[in-house]
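**Q** Here is my input, please return the structure:
(chains A and B)
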Amino acid sequence: RKEVEQDPGPFNVPEGATVAFNCTYSNSASQSFFWYRQDCRKEPKLLMSVYSSGNEDGRFTAQLNRASQYISLLIRDSKLSDSATYLCVSADRGSTLGRLYFGRGTQLTVWP
Amino acid sequence: ETGVTQSPTHLIKTRGQQVTLRCSSQSGHNTVSWYQQALGQGPQFIFQYYREEENGRGNFPPRFSGLQFPNYSSELNVNALELDDSALYLCASSLGPDGYTFGSGTRLTVV
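**A** So this is what the prediction gives:
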């Protein structure tokens, strides 16, 4: 079983739509969680960290549910520039100083 | 503009050959990790170096090896290349577990 599971999509939404991505993680000892964004043929870039209290950055809201081992990302008022692959990530802080476990990514296309 | 530089950007090798990929980490970052990203998949952890010592390894065979130098730059070496080694190889540097910066990667094609 993979450490992080997420629906690969693709999600195709019109501009202005609200879209939600979900993922689950299997290691209850995971310490940190993130959403990364990856544009086609580019490197992953940190979108936001995810906290149990929930956190918001403009149109983006991330949520962590430790009891269910579930992470979500909500994008409101989608823009064309939001088209990318969104990677759900967990990290352990054991001996490996924060090894990252990536889901396979969810592809989002926003159309005009 | 990323502070992590990888070279080369693209590479084509023949099955059975050996390859060395290089990474110059962001200034002051003493931890470097290497990831392999196959097409349509998320990056998979290969190994991590902390102050020139290997500090964790993923599920990759011994023909994947690495080095970290005193200036914290790093190399990934792959021997006896196989077709399935074709992937994007990403280097990430960090001062701690939360602040990873990825390089733009080396796209390796094995034919």
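
**Q** Moving C-terminal from the longest strand seen in chain A, which element do we reach first?
**A** Looking across chain A with DSSP state E, the single longest strand is strand A:84-92. Using DSSP states H and E, the helix or strand that follows strand A:84-92 towards the C-terminus is strand A:99-102.

**Q** What are the buried residues along whichever helix or strand comes after that following strand?
**A** Moving toward the C-terminus from strand A:99-102, the next helix or strand (DSSP H and E) is strand A:106-111. Across strand A:106-111, burial judged by 16 or more other C-beta atoms under 10 Å in any protein chain shown covers A:106, A:107, A:108, A:110. Every residue, glycine included, has its C-beta placed from N, CA and C.

**Q** contacting residues around the first one?
**A** The neighbours of residue A:106, taking C-beta atoms under 8 Å, 6 or more residues apart in numbering or on different chains as the test, are A:6, A:7, A:8, A:9, A:10, A:11, A:21, A:23, A:85, A:86, A:87, A:88.

**Q** swap the cut-off to 7 Å and go again
**A** Neighbour list for residue A:106: A:6, A:7, A:8, A:9, A:11, A:21, A:85, A:86 [criterion: C-beta atoms under 7 Å, 6 or more residues apart in numbering or on different chains].

**Q** beta partners for it?
**A** On the basis of DSSP bridges, residue A:106 is bridged to residue A:86.

**Q** Please apply the same query to the last one.
**A** Beta bridges link residue A:110 to residue A:13, judged by DSSP bridges.

**Q** Listing request: residues of chain B with sub-threshold pLDDT.
**A** B:1-2, B:95-99 (pLDDT under 70).

**Q** Residue A:99 versus the most centrally placed residue in it, what's the distance?
**A** By C-alpha atoms, centre = their mean, chain B has its centre lying nearest to residue B:34, at 3.4 Å. Using C-beta to C-beta, to the nearest Å, one obtains 11 Å as the distance from residue B:34 to residue A:99.

**Q** Ok, residue A:83 next?
**A** 29 Å.

**Q** Now do the helix or strand in which residue B:88 is found: distance to the chain's middle.
**A** Using DSSP H and E, residue B:88 sits within strand B:87-94. Centroid separation for strand B:87-94 versus its chain: 5 Å, with C-alpha atoms, centre = their mean, to the nearest Å.
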